[in-house]
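Trainee: I'd like to go over a predicted model; first the sequence, then the structure.
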Amino acid sequence: MTDKHREATGFQEQAPYDESIDLRTDFVMVYGLNDTTAQRIARWREAGYRVHLMTGISWGTYQDYLDGRWDGSDHWADAQTTGDGKPILHGRSTDIPYMVPTFGFTEYLVQKLRPIIELGVEGIHLEEPEFWARAGYSESFKREWQAFFKEPWQAPHSSPEAHFRAGQLKQHLLSRSLDRVTSVLRDEALQQGRHVRFYVPTHSLLNYTQWQIISPESRLRTLPSIDGAIAQVWTGTSRTPNVYAGEVAERTFETAYLEYGIAQDLTRGTDRRMWFLHDPIEDHPDRTWEDYLANYQRTLIASLLHPGVSRYEVAPWPNRIFNRPYLRDGSTERELIPPDTATSYLIAMNSLRDLDQPDVRWDQEGPRIGIALSDTAMFQRWSPGGDSGHYDGLQDALALEGREQLHFSDFYGLALPPLYDGQRVTPVQLESVIDTPDALDDVDVLVLSYEFQKPLAPSIHYALAGWVNRGGSLLYVGDGADPYHEIRSWWTGRYDTCADHLAEALGAGRDGIHTIGKGRVQFLPTRPADFTESPERAAELVAAIRELAEAAGHTWQPTNWLSVQRGPYLVGAVLTGSHVVEGNYLDLLDPQLGIVRRRELGPGQLTWLRDLTYDEQPLLASAGRIEDWASDETGIRFTCEAPRGVQVTTTLRVPSEPTAVNGDDIEARYEDHILWLRHPGNPGGTHVEIRL
């Protein structure tokens, strides 16, 4: 019963249309460019979808360009290359390299995508503009270096400065390519009387930094032909281990919460669209159905704790979810998706269309804490004397124990302590303070360090000074030991570190808390990663943030329960210890959609509940899409659309026990004005009539 034009939910798929993967979302992103693309687009449109196209912009099946069939010239010199001369390949492929976005490759993409405009797609998604930090040795990159810096190429890992400058160039090349492709194609579409929107599905800045990949990130806010982004946050990114209280572990929920938080800044304060991605399976094929479901729910709940976004990519590759076998806990045999798991996934996917709720209430109304994160963090993920720190997202994340550089402890040392204290912590894109005047309006205390990132321009400090003068509180953390302080940049020569210019812009001393206008500033001379070492060190940082917050008049209440109410939906997670939820709720994580009146949640447990006392809406939840709704005093009639092969559960509020429930293969159960219906999925629709 929602408007498809809002495109609240969608998915991407490269397989041809099949009723078993017809999720009945608002739109579908047909994936990939090949001889079947036009046919696949037409078939999904015939099934009632708004149709977009998605393809990789840094990698893909572009062998005709690489081997010379495109223009008669071999282009393997455009492959991203490591210091040993080897191309960096995508996944387990042997002939799909990551590409240097040269002018030649960019023009190839324009010509390759040009015919798509005539197929009438609503949008084009250019996925994952990525340049590996360990790359930068190809001949094409060396030429781009000379053109951009007007000086001879330097090996990216020869010094911190060369590595930083390589990162700047990589981001420039990716942004240049995106700008060219989208601007040319948009203009050509308009000449044909068509309006095509362009989006960039991209990992979060936090994940790209931890995995040592360069991407445009904040540049997406200002490229004129970009209409928005998809935040590609999922189990595969969020279970990357980090360190807290001296322990290396996967913290899927907490990491996902921070990833979704920073991703919002790709569009926050603009009229561009943002979708949050969830992945019920992830790229690792050898985990169990139980593992997939548990970690999917961790990322799902983490995303719902950011009420500023209410559009979702509900799944990439539904064909691998519903039509491929995986392991079960305690078994060596693979099997197709368990029925209850399929129902649970679809209840979540269909409920997500109703998350655009104006009524938002936080359980914890304490200070809002921002952790500054800059694009430049991607440029300094290497230290002298170390290796390039390559992290392959497909390998077992826990194999990285003991490699602090890959754990990105400087960032997590600032973010995890206040988060585990139950505070509302959100990473903030540092560059946004320049182009968005109200970028910090939702932040009470900003935590900033230049020990793992740098300010690209002094204007960042003047913007921060203005925010502090208006009442913001700034905690700077850093001991000045980062060798990247000495790179050639706007602060070197006059200041020992860029933090010295920050203090000058603020007019603040480096000891104690200083009042600046209506705000406050404190400099803490500590390495951020130190706060990951033990519970005691984490508590030191929390105490410093709390002191600033309370000095500004905020009430600080430690809690183990992170929760928000979005209209009738209660979303929550227990960080440590336990928490009791009481009320009258419908459990949206339960495939049976059971009633919850009291539930004790233990450490790490999550919940997504629909408050039955919030309103009198008759439709409460369903694993199918409800269409053609009609009701009067005699009954309710609707159509329920769902993938073929799944069991659909729908829950309704009714004034009295029905006298009859009509429809194909429908089972009905009534209790205390709540009606549960179960029936097999049918993408063409199951017609239901309830007589009262």
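Mentor: That came through, no problem.
Trainee: Please count neighbours and contacts with C-alpha atoms only from this point.
Mentor: Noted.
Trainee: any idea where the helices of the stretch 1-150 of the chain begin and end?
Mentor: For the stretch 1-150 of the chain, the helices defined by DSSP state H, counting those that start in this stretch occupy 37-46, 63-66, 103-117, 139-149.
Trainee: Kindly reformat those as JSON lines containing mean neighbour count, distance to G10 and mean pLDDT.
Mentor: Listed next are those as JSON lines, based on neighbours: other Cα atoms under 10 Å; distance: least, Cα to Cα, whole Å; pLDDT from 0 to 100:
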{"stretch": "helix 37-46", "mean neighbour count": "17", "distance to G10": "12", "mean pLDDT": "97"}
{"stretch": "helix 63-66", "mean neighbour count": "18", "distance to G10": "29", "mean pLDDT": "92"}
{"stretch": "helix 103-117", "mean neighbour count": "17", "distance to G10": "19", "mean pLDDT": "96"}
{"stretch": "helix 139-149", "mean neighbour count": "16", "distance to G10": "36", "mean pLDDT": "97"}
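Trainee: nearest to A630, of those helices?
Mentor: helix 37-46 (25.1 Å; Cα to Cα).
Trainee: With only the CA atoms kept, save that closest one in CSV.
Mentor: In CSV, the C-alpha atoms belonging to helix 37-46 read as follows (Å, rounded to 0.1, in the frame of the first residue of the first chain):
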residue,chain,number,x,y,z
THR,A,37,20.7,-6.8,-20.5
ALA,A,38,17.9,-5.5,-22.7
GLN,A,39,15.9,-8.7,-22.3
ARG,A,40,16.3,-8.7,-18.5
ILE,A,41,15.3,-5.1,-18.2
ALA,A,42,12.1,-5.7,-20.2
ARG,A,43,11.1,-8.8,-18.2
TRP,A,44,11.5,-7.1,-14.8
ARG,A,45,9.5,-4.1,-16.1
GLU,A,46,6.8,-6.5,-17.3
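Trainee: tilt between that helix and helix 103-117?
Mentor: Per axes from the mean of the first three to the mean of the last three Cα atoms, to 10 degrees, the angle that helix 37-46 makes with helix 103-117 is 40 degrees.
Trainee: Give the other helices and strands that helix 37-46 contacts.
Mentor: Packing partners of helix 37-46 (3 or more Cα pairs under 8 Å, 6 or more residues apart in numbering; DSSP states H and E): strand 27-31, strand 50-56.
Trainee: cutoff 7 Å now
Mentor: Where contact means 3 or more Cα pairs under 7 Å, 6 or more residues apart in numbering; DSSP states H and E, helix 37-46 is not packed against any helix or strand.
Trainee: Take the helices of the stretch 1-150 of the chain and lay them out in a markdown table including distance to L475.
Mentor: Shown next, in a markdown table, are the helices of the stretch 1-150 of the chain (distance: least, Cα to Cα, whole Å):
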| stretch | distance to L475 |
| --- | --- |
| helix 37-46 | 51 |
| helix 63-66 | 50 |
| helix 103-117 | 43 |
| helix 139-149 | 35 |
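Trainee: Identify whichever of those helices lies nearest to E127.
Mentor: helix 103-117 (12.5 Å).
Trainee: Contacts made by the closest one with the rest, please.
Mentor: Here helix 103-117 makes contact (Cα atoms under 7 Å, 6 or more residues apart in numbering) with S177, V181, L185, A189.
Trainee: If we use 6 Å, what do you get?
Mentor: Helix 103-117 has contacts (Cα atoms under 6 Å, 6 or more residues apart in numbering) with S177, V181.
Trainee: Check stretch 167-187 too.
Mentor: P101, T106, V110, S215, P216, S225, F379.
Trainee: number of nearby residues for the nearest residue to T555 once chain neighbours are set aside?
Mentor: For T555, ignoring the flanking residues on the chain, the nearest one in space by Cα to Cα, 6 or more residues apart in numbering is G366 at 5.7 Å. Number of residues near G366 (other Cα atoms under 10 Å) recorded here: 18.
Trainee: Relative to I674, how far out is the closest residue to E616 other than its chain neighbours?
Mentor: In space, and not counting its chain neighbours, E616 is closest to R653: 7.8 Å by Cα to Cα, 6+ apart. R653 sits 5 Å away from I674, taking Cα to Cα, to the nearest Å as the criterion.
Trainee: next one: G366
Mentor: Distance from G366 to I674, by Cα to Cα: 37 Å.
Trainee: re earlier: out of the helices of the stretch 1-150 of the chain, which is closest to Q605?
Mentor: Across those, Q605 has its closest neighbour in helix 37-46 (37.6 Å, Cα to Cα).
Trainee: Can you show me the helices along the stretch 201-350 of the chain?
Mentor: Going by DSSP H, counting those that start in this stretch, the stretch 201-350 of the chain shows helices at 205-211, 235-238, 252-263, 289-304, 318-322, 339-351.
Trainee: So for the shortest one, mean pLDDT?
Mentor: Right, helix 235-238. In this model, helix 235-238 carries a mean pLDDT of 94.
Trainee: tell me what it is packed against?
Mentor: Contacts defined by 3 or more Cα pairs under 6 Å, 6 or more residues apart in numbering; DSSP states H and E place helix 235-238 against helix 252-263.
Trainee: gap between the helix it packs on and the chain center?
Mentor: Its chain's C-alpha centre and that of helix 252-263 lie 7 Å apart, by Cα atoms, centre = their mean, to the nearest Å.
Trainee: what does stretch 555-572 give?
Mentor: Centre-to-centre, stretch 555-572 and its host chain are 21 Å apart (Cα atoms, centre = their mean).
Trainee: Could you work out the end-to-end span of that stretch for me?
Mentor: Termini of stretch 555-572 sit 21 Å apart (Cα to Cα).
Trainee: What of stretch 193-200?
Mentor: First-to-last residue span, stretch 193-200, Cα to Cα: 23 Å.
Trainee: Counting neighbours, which bits of it end up buried?
Mentor: Neighbour counts over stretch 193-200 (16 or more other Cα atoms under 10 Å) mark R194, H195, V196, R197, F198, Y199, V200 as buried.
Trainee: just stretch 44-55 next, same as before
Mentor: W44, R45, Y49, R50, V51, H52, L53, M54, T55.
Trainee: so what's Q453 scoring on pLDDT?
Mentor: Reported pLDDT for Q453: 97.
Trainee: Am I right that it is in a strand?
Mentor: No. Q453 is assigned coil when assessed by DSSP: H, G, I helix; E, B strand; the rest coil, not a strand.
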